[in-house]
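In: What follows is a protein structure lacking sequence information:
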């Protein structure tokens, strides 16, 4: 659907034609594979990887010396170390936190998960017996006990040295097999280590983001009106969110070649800033839990990276323009 | 001048509007200064510099231990070391090698310099007494004596380690104050060390290349019909060259902020792949000669750099399309 445009402005058709060509050029040069390394990179090796800006799977690295959580974080250890501390849990009826949802009346919303406070023991029980709801924890430093924090280094030395900075955030993610993160991109260089279970990434380069058709949609959240009642969707007035319409794990996308990579316990994934990722997960054998840790490093704002990311985002928007994030 | 376009294709006005916005965004984030370092970077520091992809002036580095030519290459030493060896000299009547030239009849050509063979002694004499012609030597390995080659390392260790490769070429440039290199860009990461005299760079980022208005023009070369006659321009039939119309050292360019940097004897400049550069020079006090050495490292083809460089070149072309280089 093209629209009339003032001089200099582009129609949607023109923008898509331009983005299609860029995506093809990028893919012709780079292929669609995820590089696999079987050793920890040196800082100079990782700097070269960042310079290329493509995902790399580090198989069986970092090791347990570098990341003690890899061997220490059994259910028992986590429950004991956390005792009565409560963590904030994201709850949805379908496992899809931060995702688009269509109501029976046809209205389409971006729906935030409901949040509940529970102990680690309650979380594990909820994940194991969950039939109706899916649970996902994203723990920040303030929620973890000092004992658990000691099992996760504050930084990845080779990444910090290559990037010339320390991480902006270190996060712990705990969930079950039903939890899914819908496709999005982050302005961070991301090192993603799986501790238990597996994470299944579907990746698209920044140049293919336009195929996901971000739209601005009304904003809603899940709520639980009473302690034992089912979750309901409640609109948040006067609020909209820009989010991808298309699910890259479904077969219907044209012009893209999503890259699939499974990150198992003991592996780490380098996910470059601006790469689109959909993440599903499998729980482990112990209790069906998937646990991961990631280090987010701020993207380098100097140079071209940020300028190109803004360009691709702007050109891929419904009206070819920026809007507030 | 806009032209009708088929769906998806852009008019020149649309392309320029898009490129203008990109250039502004890049400049807003990066400013227009050339970073100055006063020490040799480590390989990891240089890897971060390459990742940012902006020029850096390394003042008083590399030192004479790393680059013996810095202290050894007097006129006497060069003449003695080269003896009767002849080198290939680029000769033009105006110092502008590889540049556009308008004939009295109004025809515009890209004109290659005339080349002549002479000894180093003859070159120095020609540079010192040149009134009519300007001389510039670009020596490859095969033309320099082994004694001189030993004064120029085959690679820059911190650059090779950061880039994960050795240089594709090492070049020696010898000329006088009248020689000028017209604005162009290269697909190489470039380390440029000045040995004697000074080089005056005028730089534009890849995003501002479109303001230089590359055009496809007929191809010609300077020739000297008889040994002592003046140089003449001779057209090369059926050959055209894509070259920048605009001289960024003149004041008339709109929408750009050319960056100026003087690289003195003992300094080195990192000139990132794809950056547009115009180079003038000043001879030194000994004999009015300017000598420089540069190391060209192939640009990384993986990742986005090459894709974006192609995009900018295509969008900046007169018809918005690629053409053969």
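Out: Sure, I can see it. Because the structure is a prediction, the values reported are computed rather than measured.
In: Please make it C-alpha for all contacts and neighbour counts, starting now.
Out: Fine.
In: So the residue lying closest to residue A:154 once chain neighbours are set aside, which state does it fall into?
Out: Residue nearest to residue A:154 in three dimensions, not counting chain neighbours: residue A:170, with 6.8 Å by CA to CA, 6 or more residues apart in numbering or on different chains. Residue A:170 falls in the strand class when you classify it by DSSP: H, G, I helix; E, B strand; the rest coil.
In: thought residue A:108 was touching residue A:100?
Out: Yes: Residue A:108 sits in contact with residue A:100 when judged by CA atoms under 8 Å, with a separation of 6.8 Å.
In: More neighbours: these two, which one.
Out: The residue with more neighbours, out of residue A:108 and residue A:100, is residue A:100; 23 against 15, by other CA atoms under 10 Å in any protein chain shown.
In: Which element is encountered next along the chain beyond the host helix or strand of the more buried one?
Out: Assigned by DSSP states H and E, residue A:100 belongs to strand A:99-102. The C-terminal neighbour of strand A:99-102 among helices and strands, as given by DSSP H and E, is strand A:108-112.
In: Outside of that following strand itself, list whatever touches it.
Out: Around strand A:108-112, the neighbours that count as contacts under CA atoms under 8 Å, 6 or more residues apart in numbering or on different chains are A:97-103, A:217-222, A:233, A:240-241, A:243.
In: Of all the residues in that strand, which ones are buried?
Out: Within strand A:108-112, the residues scored as buried using 16 or more other CA atoms under 10 Å in any protein chain shown are A:109, A:110, A:111, A:112.
In: Which pLDDT value goes with the last one?
Out: On pLDDT, residue A:112 comes in at 93.
In: so what's it bridging to?
Out: Applying DSSP bridges to residue A:112 gives these bridge partners: residue A:221.
In: The stretch 1-150 of chain A: helices as residue ranges?
Out: With helices called from DSSP state H, counting those that start in this stretch, the stretch 1-150 of chain A shows them at A:12-30, A:43-52, A:69-72, A:75-82, A:120-129, A:146-149.
In: Out of those, which one sits most buried?
Out: Stretch with highest mean neighbour count among the helices of the stretch 1-150 of chain A: helix A:43-52 (a mean of 22; mean count of other CA atoms under 10 Å in any protein chain shown).
In: So which other helices or strands are in contact with it?
Out: Helix A:43-52 is packed against helix A:157-163, helix B:43-52, helix B:157-163, with contacts defined by 3 or more CA pairs under 8 Å, 6 or more residues apart in numbering or on different chains; DSSP states H and E.
In: Give me the residues contacting it.
Out: For helix A:43-52, the surrounding residues in contact (CA under 8 Å, 6+ apart) are A:56, A:157-159, A:161-163, A:272, B:43-44, B:47-48, B:50-51, B:161-164, B:300, B:302-304.
In: Repeat that for stretch A:119-126.
Out: Taking CA under 8 Å, 6+ apart as the criterion, the residues outside stretch A:119-126 that touch it are A:75, A:78-79, A:82-87, A:89, A:135, A:287, A:289.
In: For it, give the mean pLDDT please.
Out: Stretch A:119-126 shows an average pLDDT of 92 in the prediction.
In: ok now that stretch, how far from the chain's centre?
Out: For stretch A:119-126, the distance from its own C-alpha centre to the chain's C-alpha centre is 23 Å (CA atoms, centre = their mean, to the nearest Å).
In: Let me know the helix or strand that the residue in the stretch 201-325 of chain A that chain B sits nearest to is in.
Out: Per CA to the nearest CA, residue A:303 is where the stretch 201-325 of chain A lies closest to chain B, at 4.4 Å. Residue A:303 is located outside every helix and strand, with elements delineated by DSSP H and E.
In: Can you check what pLDDT the model gives it?
Out: According to the predicted model, the pLDDT of residue A:303 comes to 93.
In: Repeat that for residue A:325.
Out: Confidence for residue A:325, expressed as pLDDT, is 41.
In: re earlier: let me know the closest of the buried residues of strand A:108-112 to chain B.
Out: Each of those was scored against chain B by CA to the nearest CA, and residue A:110 proved nearest at 29.9 Å.
In: Look up how far residue A:30 lies from the closest residue to the closest one other than its chain neighbours.
Out: Counting by CA to CA, 6+ apart, the nearest residue to residue A:110 once its immediate chain neighbours are dropped is residue A:100, at 4.4 Å. When distance is defined by CA to CA, to the nearest Å, residue A:100 is 31 Å away from residue A:30.
In: Equivalent analysis for residue A:179, please.
Out: Going from residue A:179 to residue A:30 by CA to CA gives 31 Å.
In: before we move on, the earlier item: can you select the buried ones from the contacts of helix A:43-52 in PyMOL?
Out: Selection command for PyMOL covering only the buried members of the contacts of helix A:43-52, criterion 16+ other CA under 10 Å:
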select buried, (chain A and resi 56+158+159+161+162+163+272) or (chain B and resi 43+44+47+48+50+51+161+162+163+300+302+303+304)
